[in-house]
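>>> Give me a 3D structure for the following:
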Amino acid sequence: MSPHLSVNLVTDLRELLAYHFMVNALLGGSLVALIAAPLGWFMVLRSETFAGHTLSMMAFPGASGAALAGIGAAWGYFFFCLAGALAIGGLSGGRSGEGERSANIGTIQAVALAVGFLFLSLYGGVLSDLEDLLFGNLLGISDGQLITICAVSLCSLGALSIFARPLLFASVDAELAAARGVPVRSLSTLFLIALALAVAAISQITGVLLVFALLVAPAASAQTLSPRPLTSLLLSVLFALVIVWLGLGIAYFSSYPAGFYIASVAFAVYLAARLAALLSERRPRRPRRRDQPSATAPMGGVSR
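Numbering: from 1, shown residues only. So this is what the prediction gives:
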């Protein structure tokens, strides 16, 4: 008998947590959210969403190249993700403008897809592993895979915390950061490598499309609502967790895949954030009282 959603949320939650595979799915999805949210926040801040999409597309040449070489698809995906990150970092550095960077990244993506088609033609078979890399299976996470995700989470968050402050400085004002001695180009390449390795590791379990949705939607929603870095980053993590939990919860009581619901909830969160920001801009501000200190007055009272 298939599960049905009732009006008693406590009963539904108990039923949801009664199965080991759902507990693993919720834990694994939460760990993925904790990785994707901060990396995606920097990715959106640095306007490198296209670069993240290109790295996720490395699943095709990675899987086809691994099949041709007779090795696991994961090894091919790691190799091509890392190669793609180094190529994007090498071609997009320096003083190139936004249009030139986009053209360089688009060229890398086109070459990667062409190489993937070449490997597929030489292989002459069916890439069953490619479907797993694209869509994944959150509801089928094993205990061993959960440990792998946990290890990747600790490594990614630890590495990001080391260079988070200079990376934020370089992301906000690259020219000023370079003038202050911050290695802007090296930080950019290092961030792309961290992003590539995280995407390559997690997508083997959750799928490429789901990882990319969790990279973009929570970060874009958070940055729409708050310009403050810390507040925006925490909102991004919160949104990612809510998206995963709601998507998995709805999928449990439905016959459709979890990835569809997670992506749909992510899109709904983004639309809600945009609507909230629009309403906030149109809301009239209350006039300042005469006895209220001005913005230029010294702390502690009104300027005389």
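
>>> From here on, just use CA atoms for contacts and neighbour counts.
Fine.

>>> Can you tell me how far residue 164 is from residue 184?
Per CA to CA, to the nearest Å, residue 164 is found 12 Å from residue 184.

>>> quick one, which of these two is more surrounded?
residue 184 (23 against 17; other CA atoms under 10 Å).

>>> Next, the buried residues of the host helix or strand of residue 121.
Using DSSP states H and E, residue 121 maps to helix 98-123. Of all the residues in helix 98-123, those buried under the rule 16 or more other CA atoms under 10 Å are 101-102, 104-106, 108-109, 112-113, 115-117, 119-120, 123.

>>> likewise stretch 183-190?
Going by neighbour count (16+ other CA under 10 Å), the buried part of stretch 183-190 is 184, 185, 187, 188, 189, 190.

>>> how near is the last one to residue 119?
With the distance defined as CA to CA, residue 190 ends up 29 Å from residue 119.

>>> what bits of this structure have low per-residue confidence?
Along the chain, the model assigns pLDDT under 70 to residues 1-8, 92-97, 126-134, 284-304.

>>> end to end, how far does stretch 39-59 reach?
Using CA to CA, the two ends of stretch 39-59 sit 19 Å apart.

>>> Now do that stretch: everything it contacts.
Residues from elsewhere that reach stretch 39-59 (CA atoms under 8 Å, 6 or more residues apart in numbering): 77, 80-81, 84-85, 88, 102, 105-106, 108-109, 112-113, 130, 133-134, 160, 168, 171-172, 195-196, 199-200, 208-209, 212, 214-216, 218-220, 233, 236.

>>> what about the helices in the protein?
9-16, 20-45, 49-56, 59-69, 73-91, 98-123, 128-135, 143-162, 164-172, 174-179, 184-206, 208-225, 229-252, 258-282 (DSSP state H).

>>> hang on, isn't residue 202 packed against residue 149?
Yes: using CA atoms under 8 Å, residue 202 makes contact with residue 149 at a distance of 6.8 Å.

>>> Overlap in contacts, those two.
By CA under 8 Å, 6+ apart, the residues touching both residue 202 and residue 149 are residue 32.

>>> Which residue is the nearest non-sequential neighbour of residue 211?
Here the nearest residue to residue 211 in space, its sequence neighbours aside, is residue 203; by CA to CA, 6 or more residues apart in numbering that works out to 6.3 Å.

>>> State the distance from the one you found to residue 212.
9 Å.

>>> which of the two has more neighbours?
Each of residue 203 and residue 212 has its neighbours counted (other CA under 10 Å); residue 203 has more, 26 against 20.

>>> Isn't that one up against residue 136?
Yes: Residue 203 is within contact range of residue 136, at 6.9 Å (criterion: CA under 8 Å).

>>> Verify the stated contact: residue 23 with residue 13.
No: judged on CA under 8 Å, residue 23 makes no contact with residue 13 at a distance of 11.1 Å.

>>> Could you report the neighbour count for residue 196?
27.

>>> Likewise for residue 80?
With neighbours defined by other CA under 10 Å, the count for residue 80 comes to 24.

>>> Let me see the contact set for the residue nearest in space to the middle of the chain.
Nearest to the geometric centre of the chain sits residue 215, at 1.5 Å (CA atoms, centre = their mean). If you count contacts by CA under 8 Å, 6+ apart, residue 215 has them with 36, 37, 39, 40, 41, 43.

>>> any chance of the residues you listed in a markdown table, plus distance to residue 72?
A markdown table is the format used below for those (distance: CA to CA, whole Å):
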| residue | distance to residue 72 |
| --- | --- |
| 36 | 24 |
| 37 | 28 |
| 39 | 26 |
| 40 | 27 |
| 41 | 31 |
| 43 | 29 |
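
>>> can you list the residues you listed in a markdown table and add neighbour count?
What follows is the contacts of residue 215, written out as a markdown table (neighbours: other CA atoms under 10 Å):
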| residue | neighbour count |
| --- | --- |
| 36 | 30 |
| 37 | 28 |
| 39 | 27 |
| 40 | 29 |
| 41 | 27 |
| 43 | 24 |
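
>>> Out of those, which is nearest to residue 227?
residue 41 (12.0 Å; CA to CA).

>>> The closest residue to residue 265 other than its chain neighbours: what's it in contact with?
Computed as CA to CA, 6+ apart, the closest residue to residue 265 that is not its neighbour in sequence is residue 243, at 5.7 Å. Applying CA under 8 Å, 6+ apart, one finds that residue 243 lies in contact with 262, 265, 266, 269.
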